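**Q** how does the following fold in three dimensions:
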Amino acid sequence: HTFSENWQATLAVVGSLLLLVIFCWLLVALLVMGLQRFLALTQTKIMALMPVVYVGLRAFSRQRRPSQIRTTALAMTLSLLVVVVSLRSELLTGWQAQIPDAAPNYFALNITESERDRWHEYGDEAGISSQGLFPVARARLVAINGQPTAERAANNPDAQRALSREMVMTEAATLPLGNKVVLGQWHGNHQQASVSVEQSIAQQLDIELGDKLQFSFANQAVEVEVGSIRSLNWNSMQPNFYFILSPPLLKAYPYTYMTSFLAVPQQADALYELGSQFPAVALIDVGDLMAQVKSVLDRVGLAVQALAVVTVFAALLVLVASLRASLDDRLHEQSILRALGGQAATLKRIAMVELGFSGLVAGLVGCGSGALFVFLLGRQVFELPMALGLGTAVWVLVISVAAVIAVGLAILNRVYAVSPLVIWRKS
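**A** Prediction:
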């Protein structure tokens, strides 16, 4: 809670981890029970065709609790690794896939009223088609229906974050592209003090139609009535606003214009000339911005992915501890099998089946639970179509099986190196 500064987010993370543990445990338990049932029904056939496989699977299911503990521990950490890897690869890609092909890739800020006509003229000459100029000014929402927003948002962390900064406001008589009125009526060109509110912030601040909102523009107060609530497409890459005033309210305060436009690589010279013609205008290259975001996400992703790999190693340590605890029982069992004619190589193959099946179950459960979490995160949190890639799933399964076999055989090698006579004499 100290680090997140949001007890709800902390509880959500802790709850998700607990659900992950329970989900993995139950899934592994069901698979072990299913294996026991399968072996009981097909014992004769499997024993006749693949005796090594049967004995290996039987060893896994017979030690039900230890097998379930080490398999669940590995499955849970693999699930976290799957989520981290998938988020790193899918998050930015999924967002970019939702951006329209002809979406603007440049934003222009700080266009003054005196530059407005000249901006249109230069854009027409250079073949740069903008999304229209939006007058903008910064303001702070200070009261709702006469109640200070600090009081209204006292117990709402989301509302506090929304109100902690100044908001970029605009005015418009025509409903902007990508916006849709879901409640009320668009104010149009009516000479009334009205405002249209974006749907998500209206929910955060509990704003309804007819509410009176008071804004502060450079310490100058203005009160408006909520005339409509809008939904909008944030992926349109055009200027989007939480609050849109009815004209001409905004132009009574200091303002500039902003816009967005699409520029292809062949228009590089025109962009350079644009910067020369309008030196005070700030041009933001969305492509460069996305490259920087990708670089940051890659670095953060590598750090979190490294942490996830460490947790997988921790799960392998659980495997080591579990196998070491079973060494005495395995020594006794192998002495009996060796006395009955079993070869050390055969016993190793049996162990490989047992360990390989444990790794396979852990990989399947880890991929399944991880894929479910990735899907839910994409749908509920990021609102993006996200799924576990087939390549990632195959890679996780192979690594899981190989790691469990390698670590397991390294621990159990001493079992097959001891002569049965030595074990009997110690007994």
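**Q** so Gly132 belongs to a helix, correct?
**A** No: counting by DSSP: H, G, I helix; E, B strand; the rest coil, Gly132 is not part of a helix but coil.
**Q** contact partners for it?
**A** Shown in contact with Gly132 (C-beta atoms under 8 Å, 6 or more residues apart in numbering): Thr259. C-betas here are computed from N, CA, C, even on glycine.
**Q** could you redo the last one with a cut-off of 6 Å?
**A** By C-beta atoms under 6 Å, 6 or more residues apart in numbering, the contact set of Gly132 is empty.
**Q** just use 603 as the starting number from now, easier for me
**A** Taking 603 as the first residue, the last one we looked at is Gly734.
**Q** buried stuff in the top helix by length along the chain?
**A** Assignment by DSSP state H gives helix 888-927 as the longest helix of the chain. Buried positions in helix 888-927, judged by neighbour count with 16 or more other C-beta atoms under 10 Å: 888, 903, 906-907, 910, 913-914, 917-918, 920-921, 924-925.
**Q** stretch 671-690 too?
**A** Of all the residues in stretch 671-690, those buried under the rule 16+ other C-beta under 10 Å are 671-690.
**Q** how about stretch 776-791?
**A** So stretch 776-791, judged by 16+ other C-beta under 10 Å, has buried residues 777-778, 780-781, 783, 785-786, 788-789.
**Q** any idea of the pLDDT on Ile713?
**A** pLDDT, Ile713: 93.
**Q** partners of it in the sheet?
**A** Tyr859 (DSSP bridges).
**Q** so what are the sheet partners of the helix or strand containing Val744 and their directions?
**A** Element membership of Val744, judged by DSSP states H and E, is strand 736-746. Partners of strand 736-746 in the sheet, by DSSP bridges, are strand 749-750 (antiparallel), strand 769-773 (antiparallel), strand 814-819 (antiparallel), strand 858-863 (antiparallel).
**Q** with just CA atoms, put that strand into PDB.
**A** The C-alpha trace of strand 736-746 is given here as PDB (Å, rounded to 0.1, in the frame of the first residue of the first chain):
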ATOM      1  CA  PHE A 736      -9.100  23.500 -32.100                       C
ATOM      2  CA  PRO A 737      -8.900  26.600 -29.800                       C
ATOM      3  CA  VAL A 738      -7.400  25.400 -26.500                       C
ATOM      4  CA  ALA A 739      -6.800  26.800 -23.100                       C
ATOM      5  CA  ARG A 740      -5.900  25.300 -19.700                       C
ATOM      6  CA  ALA A 741      -8.400  25.300 -16.900                       C
ATOM      7  CA  ARG A 742      -9.000  23.600 -13.600                       C
ATOM      8  CA  LEU A 743     -12.400  22.200 -12.500                       C
ATOM      9  CA  VAL A 744     -12.900  23.700  -9.100                       C
ATOM     10  CA  ALA A 745     -16.500  23.000  -8.200                       C
ATOM     11  CA  ILE A 746     -19.500  20.800  -9.100                       C
END
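**Q** need the contact partners of that strand.
**A** So strand 736-746 is in contact with 751, 754, 768, 770-772, 813, 815-819, 841, 852, 855, 857, 859-860, going by C-beta under 6 Å, 6+ apart.
**Q** please redo it, this time with the cut-off set to 7 Å
**A** Applying C-beta atoms under 7 Å, 6 or more residues apart in numbering, the set of residues contacting strand 736-746 from outside is 750-751, 754, 765, 768-773, 807, 809, 813, 815-819, 841, 852-853, 855-861.
**Q** circling back: just the ones of the buried residues of stretch 776-791 in strands?
**A** 781, 783, 785-786 (DSSP state E).
**Q** wait, what's in contact with Val914?
**A** Taking C-beta under 7 Å, 6+ apart, we find Val914 in contact with 679-680, 683.
**Q** hmm, I was thinking of Phe843
**A** Applying C-beta under 7 Å, 6+ apart, we find Phe843 in contact with 770-772.
**Q** of the contacts of strand 736-746, just the buried ones, PyMOL syntax please.
**A** To isolate the buried ones among the contacts of strand 736-746 in PyMOL, judged by 16+ other C-beta under 10 Å, type:
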select buried, resi 751+754+765+769+770+771+772+773+807+809+813+815+816+817+819+841+852+855+857+858+859+860+861
